[in-house]
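[1] What would the 3D arrangement of this be:
(one chain, ligands or ions: 1)
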Amino acid sequence: MSRLCVHTITTKPLNLDQCLVEFPKRGVSGITIWRQALEGRDLATVKRQTADSGMDVVSLCRGGFFPSATAAGRQAAIDDNLLAIEQAHAIGAPLIVLVCGAVPGQSLVESRKQIADGIAAVLPAAEQAGVKLAIEPLHPMYADDRSAVNTMRQSHEICDALGSPKSLGIAVDVYHVWWDPELKEQIDLAGRTGRLHAFHICDWKTPTTDLLNDRGLMGEGCINIREISDWVDATGFTGHREVEIFSNKWWAADQNVFLDQIASSYVKLYA
Ligand code: ZN
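    Okay, the predicted model is just below:
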């Protein structure tokens, strides 16, 4: 359990105070905080409360959404990412996960260029704040409006294009990349290049009834989570395994029962 992290979005009906109480009761040792959970809160207080909970702050979710059809839109995205860097620094989060963005009707090549430009614009501030950035490739079903970066290979290409800064890496989320025939070699490459910054787990349900909010608990679906996790660990990765589940089904359930299920499915997965 020493590597189990849960995202605040996973238990969306719980506010941050409730997460800080309920997660550790199940042995959860890390928390990834979504920015909406910070709304209206004093960030220094959040940092203290999280430290008091005994959990590590693993990352802040999320930055990104760099592409826009207009220069003003791209600047607004950069400004928002600079704010996210300030927030991460203030709560003691060492990493920001980037959902890179896309614009329907704009070519994916252009969107990827705008993503690289956006990351380049905010990297100096991230480095100054001691906050790392992780590109999270998203499943290609989101290539229209959520991310033009859909594979580990494309994520590596952006890191390469920006000169492989140490503070820029990749978040591997099994939901998005489990189908990729290059996955193992791209994970190996991420390990060798020091880019493996985060590892997210959940499951792919058949049928998936909602493109965004029907992720499964580990074991509910068909992803070879343990095999991918072993590939990740084989690179020397010792960070948290982050449970990130968007699920209308689970959000409608008793969150205490859900957290119990997360803990038991995690134990089963790593038995
Ligand atoms: Zn993720």
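[2] Please spell out which residues along stretch 145-162 are buried.
    Neighbour-count burial for stretch 145-162 flags Arg146, Ser147, Ala148, Val149, Asn150, Thr151, Met152, Gln154, Ser155, His156, Ile158, Cys159 (criterion: 16 or more other C-beta atoms under 10 Å). (C-beta placed from N, C-alpha, C; glycine too.)
[3] Just the element for the last one, please.
    Of the helices and strands defined by DSSP states H and E, Cys159 is found in helix 152-161.
[4] which of the buried residues of stretch 145-162 lies closest to Tyr266?
    Using C-beta to C-beta, Met152 is the member of the buried residues of stretch 145-162 that sits closest to Tyr266, with 23.7 Å.
[5] roughly how far apart are that closest one and the ion?
    If you measure Met152 against the ion using C-beta to the ion, to the nearest Å, the figure is 13 Å.
[6] Same question for Ile85.
    Distance from Ile85 to the ion, by C-beta to the ion: 19 Å.
[7] For that residue, give me the backbone phi and psi.
    Ile85 has phi and psi values of phi -60, psi -40 when expressed as degrees, to the nearest 10.
[8] measure Ser107 to Ala143 for me?
    Distance of Ser107 to Ala143, given as C-beta to C-beta, to the nearest Å: 11 Å.
[9] the more surrounded of the two?
    It is Ala143, of Ser107 and Ala143, that has more neighbours when counted by other C-beta atoms under 10 Å, with 16 against 11.
[10] nearest spatial neighbour of that one, skipping sequence neighbours?
    Nearest residue to Ala143, sequence neighbours excluded (C-beta to C-beta, 6 or more residues apart in numbering): Asn150, at 5.5 Å.
[11] and the gap between the one you found and Asp173?
    Using C-beta to C-beta, Asn150 is found at 12 Å from Asp173.
[12] picking that back up, dump the buried residues of stretch 145-162 to JSON lines, plus distance to Leu183.
    Compiled in JSON lines, those are given as follows (distance: C-beta to C-beta, whole Å):
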{"residue": "Arg146", "distance to Leu183": "20"}
{"residue": "Ser147", "distance to Leu183": "17"}
{"residue": "Ala148", "distance to Leu183": "19"}
{"residue": "Val149", "distance to Leu183": "15"}
{"residue": "Asn150", "distance to Leu183": "13"}
{"residue": "Thr151", "distance to Leu183": "9"}
{"residue": "Met152", "distance to Leu183": "7"}
{"residue": "Gln154", "distance to Leu183": "13"}
{"residue": "Ser155", "distance to Leu183": "12"}
{"residue": "His156", "distance to Leu183": "12"}
{"residue": "Ile158", "distance to Leu183": "18"}
{"residue": "Cys159", "distance to Leu183": "17"}
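[13] re earlier: show me what the helix holding Cys159 is packed against.
    Identification of packing neighbours for helix 152-161 by 3 or more C-beta pairs under 8 Å, 6 or more residues apart in numbering; DSSP states H and E yields helix 108-129, strand 132-135, strand 168-173, helix 183-192.
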